[in-house]
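**Q** Starting from these lines, generate the structure:
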Amino acid sequence: MTPEQKAREAIDQRLAQAGWILQDMRQINPMAGPGVAVLEFPTSTGPVDYALLWMAPRLVL
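**A** Got it, this is the predicted structure:
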């Protein structure tokens, strides 16, 4: 296992322990939970390892 693979495994485990739902970019469902961590998320300058999407609760009156 490469150092990058070891680091990703450790990060994935910590994100999951913190309650984040990990998803692959090809099968993204941003509504899967309040916190979704998307792997290899594309940006204008290239993909980021993790994009953290947070759905904040809203107060509706």
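**Q** Can you classify the most centrally placed residue in the chain as helix, strand or coil?
**A** Closest residue to the average C-alpha location of the chain: Ala37 at 1.0 Å, with Cα atoms, centre = their mean. Assigned with DSSP: H, G, I helix; E, B strand; the rest coil, Ala37 falls in the strand class.
**Q** Specify the beta-bridge partners of it.
**A** Leu22, Leu52 (DSSP bridges).
**Q** wait, it sits on Trp20?
**A** Yes. Counting by Cβ atoms under 8 Å, Ala37 does reach Trp20; the two are 4.4 Å apart. Yep, even glycine has a C-beta here, placed from its N, CA and C like the rest.
**Q** intersection of neighbour lists for those two?
**A** Shared contacts of Ala37 and Trp20 (Cβ atoms under 8 Å, 6 or more residues apart in numbering): Leu52.
**Q** what sits against the residue nearest to the centre of the chain?
**A** With Cβ under 8 Å, 6+ apart, Ala37 has these contacts: 15, 20-23, 50-53.
**Q** Looking at those residues, spot the one nearest Thr2.
**A** For those, the minimum distance to Thr2 (Cβ to Cβ) is 17.6 Å, reached by Tyr50.
**Q** How much space separates the closest one from Asp12?
**A** 9 Å (Cβ to Cβ, to the nearest Å).
**Q** Ok, Gly19 next?
**A** Gly19 is 13 Å from Asp12, by Cβ to Cβ.
**Q** and if you look at Ala18?
**A** In terms of Cβ to Cβ, Ala18 sits 11 Å off from Asp12.
**Q** who's more crowded, those two?
**A** The neighbour count for Ala18 versus Asp12, taken as other Cβ atoms under 10 Å, is higher for Asp12 (15 against 9).
**Q** Assign the more buried one to helix, strand or coil.
**A** helix.
**Q** you'd agree it is up against Trp20?
**A** No. Judged on Cβ under 8 Å, Asp12 makes no contact with Trp20 at a distance of 9.2 Å.
**Q** sorry, back to before: just the pLDDT at the residue nearest to the centre of the chain, thanks.
**A** Confidence at Ala37, expressed as pLDDT, is 93.
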